[in-house]
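> Here's my sequence, what's the structure:
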Amino acid sequence: MMKDELDDEEYDKMLRLREDLVEMNSRNVVKINHSTMELVAAKYLVQDGFDVEIEYTLNGISTDLYAQKGYGSLIVEVETGFVPPDHALDPMNYLTARVSSKITRYSSFANKFVLASPPHYIMQIPGSLTKPPRFRTEEEVAHIKKLCDMYYTNPPVTLEEIRNARIHSIYVVDVEKVRVKEWDIHEYMGKAALWKA
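Below you'll find the model as predicted:
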């Protein structure tokens with residue numbers, strides 16, 4: 001299905017990314033559901049003129065997708081909504097901390113930071129992290145720090161990372177239709193609030 005939508009150069013880029021993922025999967029580095037979403041998101045970026053790397057290490061952190069176009073850079077972190085058995089009794093807190101940790105740890109390493117999820121998973125994004133950093137209060141920063149420290153302490157997120165964290169948009173990745181719908185973060189949060197009601 002992808003070949004029909006891509007020119008030859010774009011298709012070659014996608015084949016290279018697919019081969020990288022197949023090799024990583026054979027080493028049990030990535031899981032198939034996560035990798036499929038990465039590949040669909042990569043297609044979206046390649047069609048927009050980005051050069052894309054999958055599972056790219058940046059400053060000691062492995063990013064799901066790292067993309068560059070001209071002088072601009074973008075990081076996409078894929079969230080499937082998976083909750084490990086250890087957190088079966090606190091899934092909402094766990095997923096909120098997971099998303100918060102990703103936003104705070106990764107967003108400073110690119111011009112734009114994006115979270116990607118499947119259509120069936122509504123991400124638990126704290127409202128304080130959807131604000132521009134200059135509008136985030138110290139109380140909100142302390143709350144995010146406390147939440148992240150409950151689950152992620154090696155290394156812990158820093159207050160400075162939380163103060164400067166930013167998320168630009170959400171990709172809803174539909175692997176069955178091989179497409180991405182990009183949402184403004186506030187538009188997504190508004191829809192999420194309606195879905196939760």
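
> what stretches of the protein score poorly on pLDDT?
1-3, 25, 28-32, 192-197 (pLDDT under 70).

> max-length helix in it?
For the chain, the helix with the greatest residue count under DSSP state H is helix 8-26.

> which residues touch Met14?
Contact analysis of Met14 by CB atoms under 8 Å, 6 or more residues apart in numbering lists 2, 6, 39, 42-43, 46. All C-beta spots, glycine's among them, are computed from the backbone N, C-alpha and C.

> quick one: it from Asp4, how far?
From Met14 across to Asp4, the span is 12 Å (CB to CB, to the nearest Å).

> Also His143?
47 Å.

> Looking at those two, which one has more neighbours?
Ranked by neighbour count (other CB atoms under 10 Å), His143 and Asp4 place His143 first, with 15 against 6.

> A helix includes the more buried one, no?
Yes. Secondary structure of His143 (DSSP: H, G, I helix; E, B strand; the rest coil): part of a helix.

> Could you check how far it is from Pro132?
Distance from His143 to Pro132, by CB to CB: 17 Å.

> likewise Met14?
34 Å.

> Over to Ser26?
43 Å.

> who touches the closest residue to Gly72 other than its chain neighbours in this structure?
Of all residues not flanking Gly72 in the chain, Asn111 sits nearest, at 5.0 Å (CB to CB, 6 or more residues apart in numbering). Contact analysis of Asn111 by CB under 8 Å, 6+ apart lists 72-74.

> for Leu65, what are its contacts?
Contacts of Leu65 (CB under 8 Å, 6+ apart): 38, 41-42, 45, 52-54, 56, 74-78.

> Can you tell me the closest non-neighbouring residue to it?
That would be Val76: by CB to CB, 6+ apart, it lies 3.9 Å from Leu65.
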